[in-house]
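need the 3D shape of this:
(4 chains)
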2 protein chains.
Amino acid sequence: MTTKSTTGIIGGNALRNRDHNQKVVLDYVRANEPAGRAEIARSCGLSIQAVSNITAELERQKLLMPDGHKTGVRGKPALQYRFNPEGAFAIGVELRPDVIIVAALNLSGKQIYFERVMLEDAHPEPAIKAVGDQVRAAIAATAFSPKSLLGVGVVMPGPFGETAISSAGEAVLPGWEDVDPQAAFEAEIGHPVLIENDATAAAVSERVAGVASDMDDFCYVYFGTGIGLGVISQGHVMRGAFGNAGEIGHIVTQIGGRDCPCGNKGCLETYASRYAARQHLAQFGIDANSGDDFAQLVAQDNPHFRDWLDQAAQHLAHVIGTLENIFDPQSVILGGALPDAVINALIERLDLPDGSVSNREDRTCPRVMRGFSGRLTAALGAGAMVIHQTITPNTRTY
Amino acid sequence: MTTKSTTGIIGGNALRNRDHNQKVVLDYVRANEPAGRAEIARSCGLSIQAVSNITAELERQKLLMPDGHKTGVRGKPALQYRFNPEGAFAIGVELRPDVIIVAALNLSGKQIYFERVMLEDAHPEPAIKAVGDQVRAAIAATAFSPKSLLGVGVVMPGPFGETAISSAGEAVLPGWEDVDPQAAFEAEIGHPVLIENDATAAAVSERVAGVASDMDDFCYVYFGTGIGLGVISQGHVMRGAFGNAGEIGHIVTQIGGRDCPCGNKGCLETYASRYAARQHLAQFGIDANSGDDFAQLVAQDNPHFRDWLDQAAQHLAHVIGTLENIFDPQSVILGGALPDAVINALIERLDLPDGSVSNREDRTCPRVMRGFSGRLTAALGAGAMVIHQTITPNTRTY
DNA sequence: TTTATTTACTCAATTAACTTGAGTTAAGTA
DNA sequence: TACTTAACTCAAGTTAATTGAGTAAATAAA
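I've put the predicted structure just below:
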């Protein structure tokens, strides 16, 4: 039988509806806690009775907890509900060719565990085993029961598609070409696993517990080895038709500019990435590689690094203007595997274009902000993915 | 009481669930007709019984109709369902400062009526009245009963937001600053009204009845007075936080390039828009304004127009590469208020970047395609918006 | 040609979750 | 102290789904 196309959107029934409504309530409380049931009912388009049943169930599941009564207004004081940070937890993993970073987050997105270990062999079998060991160690180290683990998010370098372009200087995991990472990790770990790219995970992280907690439309520019983009549109992750959305590293910012391994000339990554910074500094005999190296150069106000920052900011400003005009986001967030000081130095230097839909009088937040979660972003973001999935109405696919 | 933030996503109940399921079934049939009920049930995650009830209801509403039995396979032959083109219709309006274009579409998206009249006064009151007259004339001219009118879509020039940037040479409607167009048109017309921008309407049009009927992720580059972008992501329209997404006319393709009224230098619009073409040709004493003028220049292989096409294609290719890397779409569609010959001439000249996630071996459609609906795109798209809304599971807001 | 198998579909009963409507509670206000 | 307002509970009612048993009509096998 021929397979016909489907969007993945499926019909609803009472059970799926209940799941949906639970998430609607959770998402409302996430953004507006503390909140009473009548208020939730009004905002979520449900009857008070329905919300009462749902909050009771969520309280039983330890996802919500009551927190006092709202007083000062007429009428019976409303019992306020909050997230129960101790009710559940998530684990996030960043897998790189040489290192595994594991973090655990409580339901509020707060980091409650962190570990970083070297990875000797990045081939699938040993790497998956090593990740499994670290996840088990993380579970054991927290005060949570394994039953309250919502899932494990994993951020790892692609490419996974057929012909995804590779980033400048990007290290790829060896031997993973024919591996289905999600299935492999789930088999090893025995909990639900989500695979995501670094930029998207970072974006989700900011929404779950960062500067974008009240935003439904924003862009996250992620500095990893290359430069990636995570987009949250109407509260949902944008992935593209083949899961490769957000490859902004290869946007051309300078026509006829520097050669890029991808085949283009003048890609953003050749100017504004960590790799570009390293190359630039090497010309002057400076060997900078780690985030700390860059932070030190900022602290020293190194003139060569300043030059790089100036140039990088110019190219970044161009791309940010492009993103603004394409997405009309609430804000563009910058972050990733660079120290806060470097991100700040870049933001300071941004000369954003006037001709942008984001250049408006009535803004309530800056056009560009620094991400909250710092250099552990990827692992924290991986964990945040799990929380996000639990909380946010996944209305596209039911 | 302070207003708290909401995504607009609301909870479900039996009634909303039913609406959702109807749309899920309609959307499946749209993309896969003809389809039997058991097949629909499998694909939509519903029981056969539920689908049977839903198709019966949709047949009663004249949105679906049975169309023979599927034979050649084992088992009882499945009754096949199709869209009923005669079951309902939609009207689309393009309102410009000097002209009103009205089209009517049947449920399959086929044009069944068309009219173009001059508009004497574009101020709200006379313009709304004139649109109302044209809509009433359209309803009367079709064989449909007014009851089966799903709604009226209106495409009109913005800007509607606080400080949206204006396009090069764009004509704005006078006196509309404080008008809520949707409410005003609904009051005049007495049917549901949708307001949309031209690029988004064109994109939806391609999905409803064009080259993107089986795509859920694509970009539409629209040549109006300026250049706009419509994005369908996971089957849904992307609008941005403030409704201004898709302003690609002001993406800078040439740093330090031509002055643009928006304040930037080197905006795409200053190279690749109709306005840019007109300016370019004026240098050589050629006065080209209408689409027909441009079509003629293509037919004549005019060297000055060829120069413009070459340059425009270069800037367009750059932006298309950017869109590909950002959205990872199934395809990028070009169309709008330019004759097919001009669009084709541009597409021929596109030298798309290699460094793009869309540059893949296993493509099933071209990276760039010409839109189907031709120069009436905006009005047809406006009507298609209505059909799209009726058909596509609007799961974000229930 | 007969029989078996497969698949689509209907009818009736059941179920899950939300809504409705009638109270109850508890605060602020006159 | 009585009134008003608003949150909330309980029980019954409603809706639209699912489930299970049975029927119909085609192809495939004997």
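
from now on I want contacts and neighbour counts done on CA atoms only, so please keep to that.
Fine.

how many residues are close by the nearest residue to A:Lys62 once chain neighbours are set aside?
In this structure, A:Lys62 finds its nearest non-sequential neighbour in A:Gly87, 4.6 Å apart by C-alpha to C-alpha, 6 or more residues apart in numbering or on different chains. Neighbour count of A:Gly87, defined by other C-alpha atoms under 10 Å in any protein chain shown: 21.

local confidence estimate at A:Gly87?
Turning to A:Gly87, the model gives it a pLDDT of 91.

contacts only, for it.
Applying C-alpha atoms under 8 Å, 6 or more residues apart in numbering or on different chains, we find A:Gly87 in contact with A:61-64, A:106-107, A:148.

equivalent analysis for A:Leu46, please.
Taking C-alpha under 8 Å, 6+ apart as the definition, contacts of A:Leu46 comprise B:10-13.

start to end distance for stretch A:29-41?
End-to-end distance for stretch A:29-41, by C-alpha to C-alpha, to the nearest Å: 11 Å.

that stretch near DNA strand C at all?
No: shown here: stretch A:29-41 not in contact with DNA strand C (C-alpha under 7 Å from any atom of the strand), separated by at least 7.9 Å.

what residues of that stretch count as buried?
Neighbour-count burial for stretch A:29-41, with 16 or more other C-alpha atoms under 10 Å in any protein chain shown as criterion, is recorded at A:29-38, A:40-41.

tabulate those residues (CSV), appending secondary structure, pLDDT and distance to B:His123.
Conversion of the buried residues of stretch A:29-41 to CSV gives the following (DSSP: H, G, I helix; E, B strand; the rest coil; pLDDT from 0 to 100; distance: C-alpha to C-alpha, whole Å):
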residue, secondary structure, pLDDT, distance to B:His123
A:Val29, helix, 95, 45
A:Arg30, helix, 90, 45
A:Ala31, helix, 88, 42
A:Asn32, helix, 91, 42
A:Glu33, coil, 87, 46
A:Pro34, coil, 93, 47
A:Ala35, strand, 95, 46
A:Gly36, strand, 95, 47
A:Arg37, helix, 96, 47
A:Ala38, helix, 96, 44
A:Ile40, helix, 96, 42
A:Ala41, helix, 96, 42
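
ok, these vs DNA strand C, which is closest?
Distance to DNA strand C across these (C-alpha to the nearest atom of the strand) is lowest for A:Ala41, with 7.9 Å.

so the closest one makes contact with A:Ser47?
Yes: using C-alpha atoms under 8 Å, A:Ala41 makes contact with A:Ser47 at a distance of 5.5 Å.

picking that back up, could you list which of the contacts of A:Leu46 also contact chain A?
Taking C-alpha under 8 Å from any C-alpha of the partner chain as the test, chain A is in contact with B:10-13 out of those.

would TSV of those with neighbour count, secondary structure and pLDDT be doable?
TSV is the format used below for these (neighbours: other C-alpha atoms under 10 Å in any protein chain shown; DSSP: H, G, I helix; E, B strand; the rest coil; pLDDT from 0 to 100):
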residue	neighbour count	secondary structure	pLDDT
B:Ile10	25	coil	89
B:Gly11	27	coil	91
B:Gly12	26	coil	91
B:Asn13	19	coil	92
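
need the residues of the stretch 1-150 of chain A near DNA strand D, please.
When proximity is defined by C-alpha under 7 Å from any atom of the strand, the stretch 1-150 of chain A lies next to DNA strand D at A:12-14, A:36-39, A:48-49, A:52, A:73-80.

okay, and which of the residues you listed map to helices?
Using DSSP state H, the subset of these located in helices is A:14, A:37-39, A:48-49, A:52.

check the residues you listed and tell me the two furthest apart.
With C-alpha to C-alpha as the measure, no two of these lie farther apart than A:Ala14 and A:Glu39, at 23.3 Å.

helices along the stretch 1-150 of chain A, start to end?
For the stretch 1-150 of chain A, the helices defined by DSSP state H, counting those that start in this stretch cover A:14-32, A:37-44, A:48-60, A:124-141.

mind putting the ones you listed in CSV, distance to chain B included?
Output for those, formatted as CSV (distance: least, C-alpha to the nearest C-alpha, whole Å):
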stretch, distance to chain B
helix A:14-32, 5
helix A:37-44, 5
helix A:48-60, 10
helix A:124-141, 25
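
residue ranges with poor pLDDT in the stretch 251-398 of chain A?
Per-residue confidence for the stretch 251-398 of chain A (pLDDT under 70) gives these ranges: A:395-398.

mind listing the strands for it?
Under the criterion DSSP state E, counting those that start in this stretch, the stretch 251-398 of chain A carries strands at the ranges A:331-336, A:368-370.

out of the ones you listed, which comes closest to B:His191?
B:His191 lies closest to strand A:331-336 among those, at 36.5 Å (C-alpha to C-alpha).

isn't A:Asp198 right next to A:Leu380, touching?
No: counting by C-alpha under 8 Å, A:Asp198 does not reach A:Leu380; the two are 10.1 Å apart.

looking at those two, which is more packed in?
For A:Asp198 against A:Leu380, the residue with the higher neighbour count under other C-alpha under 10 Å is A:Leu380, and the figures read 35 against 29.

for the more buried one, list the residues it contacts.
When contacts are counted by C-alpha under 8 Å, 6+ apart, A:Leu380 is found next to A:92-93, A:103-105, A:111, A:201-202, A:205, A:373.

ok, and what's touching stretch A:355-371?
Residues external to stretch A:355-371 that are found in contact with it (C-alpha under 8 Å, 6+ apart): A:206, A:210-211, A:321, A:324-325, A:328-336, A:340, A:343-344, A:347, B:162-165, B:244, B:247, B:250, B:262-264.

give me the subset of those residues lying in helices.
Secondary structure assignment by DSSP H places A:206, A:321, A:324-325, A:340, A:343-344, A:347 of the contacts of stretch A:355-371 in helices.

scan those and report the most crowded one.
Each of these was scored for neighbours by other C-alpha under 10 Å, and A:Glu324 scores highest at 29 neighbours.

alright, that wraps it up for me.
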